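Peer 1: Provide a 3D model corresponding to the input given below.
(one chain, ligands or ions: 1)
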Amino acid sequence: MQKNLLIIATGGTIASNKTKKGLSPTSTGDDLISQIAGLPEDCRLHVLQLMNIDSTNMKPDGWMAIQKAIAENYDTYDGFVVLHGTDTLDYTAAALSYLIQNSPKPIVITGSQKPMSHPYTDAKINLYQSILYALDSGSCDVSVVFGGRVIAGTRSRKQKTRSFDGFTSMNFPLLARFQDEEIIRVFPADKPFGPVRFYDHLEGNILSIKLIPGMTPDFFRLLKEQYQGIILEAYGLGGIPNFDRSYEEAIFDWIHSGKILVITTQVPEEGCDFSVYEVGHIYHNHPLILEAGNMTLEAISAKLMWALGQTKELEKIRELFYRRINFDC
Ligand SMILES: NC(=O)C[C@H](N)C(=O)O
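Peer 2: Next up, the predicted model:
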């Protein structure tokens, strides 16, 4: 049976070429697709050139544009492949995981570390395997295909700036891996039963702040005017300085004034648990504080924007934040 895929091109290194000022995305999605040989005969690819940017310039309205393109074409196609720069690909994969939930049709995001025009590029194999993954009847929901790995959209992280295995699945098994064109499913996901759900709102003046030794908590007061929420990257399993009461006072002042606080860890692997050490204890299980467990920063930020796009009530935000979506927590 013939399968139709929509290829949504947004730019990135995969589409980049040399200019006097450095690599810049100038190839189109059609140019990129024309480089891919050996696809099954019964598949048809259609390209939608949504933008052509370095993903450094991707913003939430770009995520919404991708969501909209998928929503508008959802019934027409059997799957979607988004071509994207790698630098913020993990944020986009997380954002799409919240904006498009319960999708029986696969939405695959890929890119490359070297341009398609480079003689030793990874672009060809990444794009080829992404298309194969999107064509496979066992695939669903939002995932990243990169360097032979298939990663849940909420778990991908750009871990290396140059190598072809640049993306890792953080604190969660790979969904699958490729051996040439064969998909080996490591963590087979059940196909969603219900209909796909699209969400149209993202909101949030939020920012993330990483603790460093000696840093004072003045930023809570300084940011109050302008920001709705802070993602605080604490130490280890969940440590926030308590040699005096300045952090405690600043944090309680922040949350009691109706602001959002998510506490996570700056350690990349294994997540946080504020119940373990005295230095985290008072924040554990607090009704006005969200604890991020082992979620990625990319997923936390996108999830917060998605939750804030739906409600301003903390109780409801809390319920949305702790809801497991696309294996995020
Ligand atoms: N490898 C890449 O795609 C990096 C590029 N700067 C981008 O994110 O668009």
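Peer 1: which residues of the chain lie near the ligand?
Peer 2: Taking CB under 6 Å from any ligand atom as the criterion, the chain approaches the ligand at residues 12-13, 54-56, 85-87, 111, 113. Where C-beta positions appear, they are placed from N, C-alpha and C, glycine not excepted.
Peer 1: closest to the ligand out of these?
Peer 2: G85 (2.0 Å; CB to the nearest ligand atom).
Peer 1: residues contacting that closest one?
Peer 2: Each residue near G85 by CB atoms under 8 Å, 6 or more residues apart in numbering is listed here: 10-14, 25, 53-56, 58, 111.
Peer 1: what about the stretch 151-300 of the chain, any weak spots by pLDDT?
Peer 2: Scanning the stretch 151-300 of the chain for pLDDT under 70 picks out no residues.
Peer 1: which parts of this structure are helices?
Peer 2: Assigned by DSSP state H, the helices in the chain fall at 29-33, 60-73, 89-99, 123-135, 218-223, 246-256, 278-281, 297-308, 314-321.
Peer 1: next, the buried residues of the second one.
Peer 2: Buried residues in helix 60-73, defined by neighbour count with 16 or more other CB atoms under 10 Å: 60, 62-67, 69-71.
Peer 1: show residues contacting it.
Peer 2: By CB under 8 Å, 6+ apart, helix 60-73 touches 6, 8, 10, 48, 50-51, 53, 80, 82, 91-92, 95-96, 99-100, 107, 198-200, 202, 302, 305.
Peer 1: show me the contacts for the residue nearest the centre of the chain.
Peer 2: Geometric centre of the chain, nearest residue: A94, 2.5 Å, by CA atoms, centre = their mean. Contact analysis of A94 by CB under 8 Å, 6+ apart lists 153-154, 156, 296, 298-299, 301-303, 328.
Peer 1: so the chain: which segments form each domain?
Peer 2: Taking the TED database as the reference, the chain has its domains at 3-198, 206-322.
Peer 1: show me what contacts Q179?
Peer 2: Counting by CB under 8 Å, 6+ apart, Q179 has contacts G148.
Peer 1: beta partners of it?
Peer 2: Taking DSSP bridges as the rule, Q179 bridges to E182.
Peer 1: quick check: the gap between it and the ligand.
Peer 2: Separation of Q179 from the ligand (CB to the nearest ligand atom, to the nearest Å) stands at 24 Å.
Peer 1: how much space separates that residue from D122?
Peer 2: 16 Å (CB to CB, to the nearest Å).
Peer 1: same check, this time on T56
Peer 2: Counting by CB to CB - T56 and D122 are separated by 19 Å.
Peer 1: also H46?
Peer 2: 24 Å.
Peer 1: neighbour count winner among the two?
Peer 2: Counted by other CB atoms under 10 Å, H46 and D122 do not tie: D122 has more neighbours, with 24 against 15.
Peer 1: residue contacts, the closest residue to that one other than its chain neighbours?
Peer 2: Closest residue to D122 apart from its sequence neighbours, by CB to CB, 6 or more residues apart in numbering: F164 at 4.4 Å. Going by CB under 8 Å, 6+ apart, F164 touches 113, 122, 147.
Peer 1: how near is the first one to P188?
Peer 2: Which is Q113. Distance from Q113 to P188, by CB to CB: 28 Å.
Peer 1: more neighbours: those two, which one.
Peer 2: Using other CB under 10 Å, the more surrounded residue of Q113 and P188 is Q113, with 23 against 9.
Peer 1: could you list every residue that touches the residue nearest to K105 when sequence neighbours are not counted?
Peer 2: Take K105 and drop its neighbours on the chain: the residue closest to it by CB to CB, 6+ apart is G79, 5.3 Å away. Taking CB under 8 Å, 6+ apart, we find G79 in contact with 3, 5-6, 105-108, 134-135, 139.
Peer 1: how many other residues sit next to R149?
Peer 2: 21.
Peer 1: related to what we said a few turns ago, turn the contacts of G79 into a markdown table, columns for pLDDT and neighbour count.
Peer 2: Shown next, in a markdown table, are the contacts of G79 (pLDDT from 0 to 100; neighbours: other CB atoms under 10 Å):
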| residue | pLDDT | neighbour count |
| --- | --- | --- |
| K3 | 97 | 17 |
| L5 | 98 | 24 |
| L6 | 98 | 23 |
| K105 | 97 | 20 |
| P106 | 98 | 24 |
| I107 | 98 | 28 |
| V108 | 98 | 29 |
| A134 | 98 | 27 |
| L135 | 98 | 21 |
| S139 | 97 | 25 |
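Peer 1: of these, closest to the ligand?
Peer 2: Ranked by distance to the ligand (CB to the nearest ligand atom), the contacts of G79 are led by V108 at 15.8 Å.
Peer 1: fine by me, we can end here.
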